[in-house]
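>>> need the 3D shape of this:
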Amino acid sequence: MKEIFEKIWELALPYQDKRDDKGHAKITTDFALKLLETEKGNDEVVVPAIILHDIGWSQLDKEQRMIIFDHDATRNQKLNVRYKHQDAGVELAKKILNQLNYSDDLINEITEIISQHDTRDGFMSQNEGLVRDADKLWRFSKTGFTADLVRNKFSFKQLHDKLINKIESPNFFYSEKAKQIAYDELEMRKQDCEGAQK
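Just a heads-up that it's a prediction; the model follows:
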């Protein structure tokens with residue numbers, strides 16, 4: 001990563017992975033970098049946005065943070081905490097990026113992406129699409145997939161089939177590259193499962 005991205009990473013580190021999702025920030029950042037190898041996108045927007053996208057969860061108490069995994073919580077309760085973490089994330093991201101004298105234009109685009117990365121319908125730009133693709137690819141990673149199995153008490157087949165259906169659903173992924181990575185990741189999850197059963 002570029003030196004400036006390393007600095008953003010270091011400043012954001014105390015705020016990362018606050019929903020019992022250890023590795024989320026690193027894994028999603030790795031996916032963003034992988035997407036940028038072939039997809040047209042501005043790394044000066046995409047990389048800081050993915051590093052900073054979920055730091056707002058750190059500003060909510062644990063009970064609020066975990067509402068989105070509560071099967072008894074209403075849709076509105078879950079949406080409310082998503083909005084809260086997005087708003088808090090925007091404020092923290094501005095603070096971090098201003099501390100590093102990041103360009104105002106870039107800060108504006110980055111914080112606009114963070115402001116609705118979990119709640120926006122459709123995609124507003126290529127950069128935003130790549131950030132949201134990288135975030136969603138977490139679910140397909142070994143760590144994210146395992147976390148979902150445990151949290152939701154899914155069988156392997158239930159979660160695998162649910163994610164397969166998500167890949168081609170409208171407005172889930174922005175890029176074809178993200179879809180291909182998702183299929184590849186699920187194939188690896190299948191191999192992991194078969195290996196564990198031997």
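>>> local confidence estimate at residue 157?
If you check residue 157, the pLDDT there is 93.
>>> which SS class is it?
Going by DSSP: H, G, I helix; E, B strand; the rest coil, the secondary structure assigned to residue 157 is helix.
>>> the residue most central in space within the chain and residue 111: what is the separation?
Nearest to the mean C-alpha position of the chain, counting by Cα atoms, centre = their mean, stands residue 135 at 2.3 Å. According to Cβ to Cβ, to the nearest Å, residue 135 and residue 111 sit 16 Å apart. The C-beta positions use only the backbone N, C-alpha and C, and glycine is treated the same way.
>>> got it, and residue 69?
In this structure, residue 69 and residue 111 are separated by 26 Å, where distance is defined by Cβ to Cβ.
>>> between these two, which is the more surrounded one?
residue 111 (20 against 15; other Cβ atoms under 10 Å).
>>> show me what the strand or helix carrying that one is packed against.
Under DSSP states H and E, the secondary-structure element containing residue 111 is helix 104-115. For helix 104-115, the contact count by 3 or more Cβ pairs under 8 Å, 6 or more residues apart in numbering; DSSP states H and E identifies helix 43-52, helix 75-99, helix 126-137 as packing neighbours.
>>> apply 6 Å and report the result again.
helix 43-52, helix 75-99 (3 or more Cβ pairs under 6 Å, 6 or more residues apart in numbering; DSSP states H and E).
>>> any buried residues in that helix, and which?
Within helix 104-115, the residues that qualify as buried are 107, 109-115, counting by 16 or more other Cβ atoms under 10 Å.
>>> tell me where the model's unsure across this structure.
Counting by pLDDT under 70, the chain contains low-confidence ranges at 195-198.
>>> which non-adjacent residue is nearest residue 83?
By the measure of Cβ to Cβ, 6 or more residues apart in numbering, the closest residue to residue 83 outside its immediate chain neighbours is residue 119, 6.6 Å from it.
>>> next, give phi and psi for that neighbour.
The phi/psi pair for residue 119 (degrees, to the nearest 10) reads phi -130, psi -10.
>>> do the same with residue 155
Note on residue 155: backbone dihedrals following degrees, to the nearest 10 are phi -80, psi 160.
>>> how close does it sit to residue 142?
Residue 155 is 17 Å from residue 142, by Cβ to Cβ.
>>> looking at those two, which has the bigger crowd around it?
Neighbours were tallied for residue 155 and for residue 142 using other Cβ under 10 Å; the higher tally belongs to residue 142 (13 against 9).
>>> burial check on residue 161, number of neighbours?
Number of residues near residue 161 (other Cβ under 10 Å) recorded here: 13.
>>> contacting residues around it?
Contact partners of residue 161, counting by Cβ atoms under 6 Å, 6 or more residues apart in numbering, are absent.
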